[in-house]
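J.: Quick one, structure for this:
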Amino acid sequence: MHESTSVAPARAEGLRERKLREARVAAQRAAVELCLERGLDSVTVEMIADRAGISPRTFYNYFGTREAALLGDAKPEPTEDQVARFLARDDVSDVEAFAIMVAEAWAASQPDQELFLLRQRLYEAEPTLAAANLSRVGEHREALAIIARERVALRHPELTEPDLTLEATLTVALAMAAVQTVGRAWLADGNADLTQLEQLISDLVPRVRRLTQTPRA
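T.: Modelled structure (predicted):
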């Protein structure tokens, strides 16, 4: 049986990489804050750059468009090592293993708590941005479904092609719902680490099982 191991440490971030990441986060935060304050149609790249303390040229080097800064970076993809651990785990369900893999990738991207929460408010206030984000999430889930399908195929070779596709899609949908449900609580704790996020996911699984079972007479 596979034994659960601690997550491998991420590659050390260099000073240049850290400064670039911090500058990009600052520009994104400036963009989101301005849109929350003034409305999407009233905010320009020049205004964003001024608040972030950079030039418009630097802003375009980072993002290319105003909308790109508002939506933020693409959803993090699991690394080869994370995918390998997901495929090998046999101590948890497919859904839980997948949720943990996604959580690892998300945590490794070092999400900014304040920016994450501000962006959720922005999506509530600006339907066009919310729709653009949903479209991007849909594309991300399609890519993740390919990974989920590989595990389902390995563990259930008897399934037909349609059933493989269906179960992979369900795995992604259930796992992503779990990550999104506990993600906000995890980010709200400034001292939280990945181990705590994994525990939150593990604690959620029995609840999902109970909620999907038919009550017995």
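
J.: other SSEs contacting the helix or strand harbouring Ala153?
T.: Element membership for Ala153 (DSSP states H and E) is helix 127-155. Applying 3 or more C-beta pairs under 8 Å, 6 or more residues apart in numbering; DSSP states H and E, one finds that helix 127-155 contacts helix 66-71, helix 80-88, helix 94-108, helix 113-125, helix 161-188. C-beta coordinates here come from the backbone N, C-alpha and C atoms, glycine included.

J.: May I have the fourth one as PDB, with CA atoms only?
T.: Pointing back at helix 113-125 there. Taking C-alpha atoms only, helix 113-125 is exported to PDB below (Å, rounded to 0.1, in the frame of the first residue of the first chain):
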ATOM      1  CA  GLN A 113      -4.700  35.800   0.400                       C
ATOM      2  CA  GLU A 114      -5.800  39.400   0.100                       C
ATOM      3  CA  LEU A 115      -5.700  39.400  -3.700                       C
ATOM      4  CA  PHE A 116      -7.700  36.100  -3.800                       C
ATOM      5  CA  LEU A 117     -10.500  37.500  -1.600                       C
ATOM      6  CA  LEU A 118     -10.600  40.900  -3.500                       C
ATOM      7  CA  ARG A 119     -10.900  39.100  -6.800                       C
ATOM      8  CA  GLN A 120     -13.900  37.100  -5.500                       C
ATOM      9  CA  ARG A 121     -15.600  40.400  -4.700                       C
ATOM     10  CA  LEU A 122     -14.700  41.700  -8.100                       C
ATOM     11  CA  TYR A 123     -16.300  38.700  -9.900                       C
ATOM     12  CA  GLU A 124     -19.500  39.400  -7.900                       C
ATOM     13  CA  ALA A 125     -19.500  43.000  -8.900                       C
END
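
J.: Tell me what angle the helix holding Ala153 forms with helix 94-108.
T.: Angle of helix 127-155 versus helix 94-108, following axes from the mean of the first three to the mean of the last three C-alpha atoms, to 10 degrees, is 130 degrees.

J.: roughly how far is helix 127-155 from the heart of the chain?
T.: When distances are taken as C-alpha atoms, centre = their mean, to the nearest Å, helix 127-155 is centred 11 Å away from the chain's centroid.

J.: Only the buried residues of that helix, if you could.
T.: 129, 133, 140-141, 144-145, 147-149, 151-152 (16 or more other C-beta atoms under 10 Å).
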